[in-house]
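Colleague: could you look at this predicted model? Sequence included:
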Amino acid sequence: MTKQMKYIRLASTVFTIVLCAVPAFAANKDMIQLQTQVQQLQDSVARLQQSNDERMGVMKDLVQQNADQVNKMSATMEALSHSLQTQNEAQGTKLDQLSGQIQSLNDSLDEIKARLGKLEALTQGIQNQQQTITAPSTPAPDNTPPPSATQAPLPDTAPTDRKGKPSAGIPMSDATPSAPTGPAAAPVGDLYKSALGDYMAAKYSLAAGEFADVIRYYPDQALSGNSFYYLGEIDYRAGKFEDAIKDYDMVLQHFPDNNKIPASRLHKGQAYFALKQNDAGVRELRALIQRFPNAPEAMLARSKLSGMGITVTPRHTAER
């Protein structure tokens with residue numbers, strides 16, 4: 001019985017061990033499968049990570065290339081900006097020189113006109129004298145009685161220049177007023193020529209007084225408009241830009257047909273720019289281009305506005 005009990009116990013133990021080993025084997029198999037799946041998942045993640053790293057590397061290269069291109073473009077733009085600024089400064093200097101040359105030509109033209117006017121007057125005077133000399137005279141009869149003591153002798157004659165001296169063929173009594181009320185002003189052409197000559201000689205203080213005389217004695221003459229213009233030029237050279245603007249306004253408002261209108265408009269705009277009133281200066285240059293699109297001053301105005309980055313498109317108005 002004892003041996004049988006031992007066998008029974010041994011069999012029970014073996015059976016128990018067998019029963020316990022079956023689920024343990026099944027669990028081990030599941031663990032192996034799970035580990036295999038985890039390994040596969042890790043491999044997939046590793047491959048994905050590697051692929052992402054490769055793509056990120058490519059993207060970094062592209063970003064670096066783009067950054068390099070942007071830097072190059074920025075450097076190019078900076079160089080272009082510097083070049084454009086240099087060109088604008090050079091162009092501004094050239095425009096100032098060109099403006100001065102045009103102004104000098106205008107001044108010379110005015111001086112030539114004044115000289116031509118004086119030459120015409122002198123020529124006319126010479127022609128009148130020649131006509132007086134060559135005119136046929138009637139011989140006096142021999143029986144003409146001599147002048148009595150009570151008869152006044154004929155007045156002497158003498159030449160008269162443009163400053164009021166007697167001229168040939170004009171009695172002294174007629175050439176000189178019997179009761180002068182004050183010193184008479186010189187002819188407008190002479191006054192203006194003298195003022196312009198002093199202006200061209202850079203005697204600005206003296207020229208300003210002479211131009212003022214032209215305006216005072218001959219306010220309605222066209223040369224008064226020119227005188228206002230040159231007073232503006234004198235004030236502009238002296239840095240009195242506000243006074244210069246007022247002088248130019250006198251030309252623009254009271255002498256609309258004067259040949260100094262384009263230059264007055266241009267220099268008025270430049271005076272505004274000197275006062276840092278750029279909007280007003282731009283308006284003046286636009287007005288100049290609109291009214292005188294083909295004038296040399298309009299070309300200078302376009303160049304000035306172009307240098308400021310302002311595009312000007314003149315409006316085409318129908319001719320009346």
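Modeller: Nice, thanks for sending it over. Residues are numbered from 1 along each chain as shown.
Colleague: Val38 sits in which helix or strand?
Modeller: When secondary structure is defined using DSSP states H and E, the element that contains Val38 is helix 2-134.
Colleague: state the mean pLDDT of that helix.
Modeller: The average pLDDT within helix 2-134 is 73.
Colleague: what sits up against stretch 197-216?
Modeller: Residues from elsewhere that reach stretch 197-216 (Cβ atoms under 8 Å, 6 or more residues apart in numbering): 107, 111, 185, 188, 191-192, 194-196, 221, 223-224, 227-228, 230-231, 233-234, 237-238. Every residue, glycine included, has its C-beta placed from N, CA and C.
Colleague: flag every buried residue along that stretch.
Modeller: When neighbours are counted by 16 or more other Cβ atoms under 10 Å, the buried residues of stretch 197-216 are found to be Gly197, Asp198, Tyr199, Tyr204, Ala207, Ala208, Glu210, Phe211, Asp213, Val214, Ile215.
Colleague: how about stretch 219-234?
Modeller: The neighbour-count check on stretch 219-234 (16+ other Cβ under 10 Å) flags 221, 223-234 as buried.
Colleague: quick one, helices of the stretch 201-320 of the chain?
Modeller: Remark: helices assigned in the stretch 201-320 of the chain by DSSP state H, counting those that start in this stretch are 204-217, 222-237, 241-254, 261-274, 278-291, 296-307.
Colleague: quick one: closest of these to Val38.
Modeller: Distances from Val38 to each of the helices of the stretch 201-320 of the chain were compared by Cβ to Cβ, and the smallest falls on helix 296-307, at 74.1 Å.
Colleague: other SSEs contacting the closest one?
Modeller: Other helices and strands packing on helix 296-307, by 3 or more Cβ pairs under 8 Å, 6 or more residues apart in numbering; DSSP states H and E, are helix 2-134, helix 261-274, helix 278-291.
Colleague: quick one: average confidence on the second one?
Modeller: Along helix 261-274, the predicted confidence averages to a pLDDT of 96.
Colleague: check contacts around the residue lying closest to Met250 once chain neighbours are set aside.
Modeller: Nearest residue to Met250 in three dimensions, chain neighbours excluded: Phe228, at 4.2 Å (Cβ to Cβ, 6 or more residues apart in numbering). By Cβ under 8 Å, 6+ apart, the contact list for Phe228 reads Phe211, Ile215, Asp247, Tyr248, Met250, Val251, His254, Phe255.
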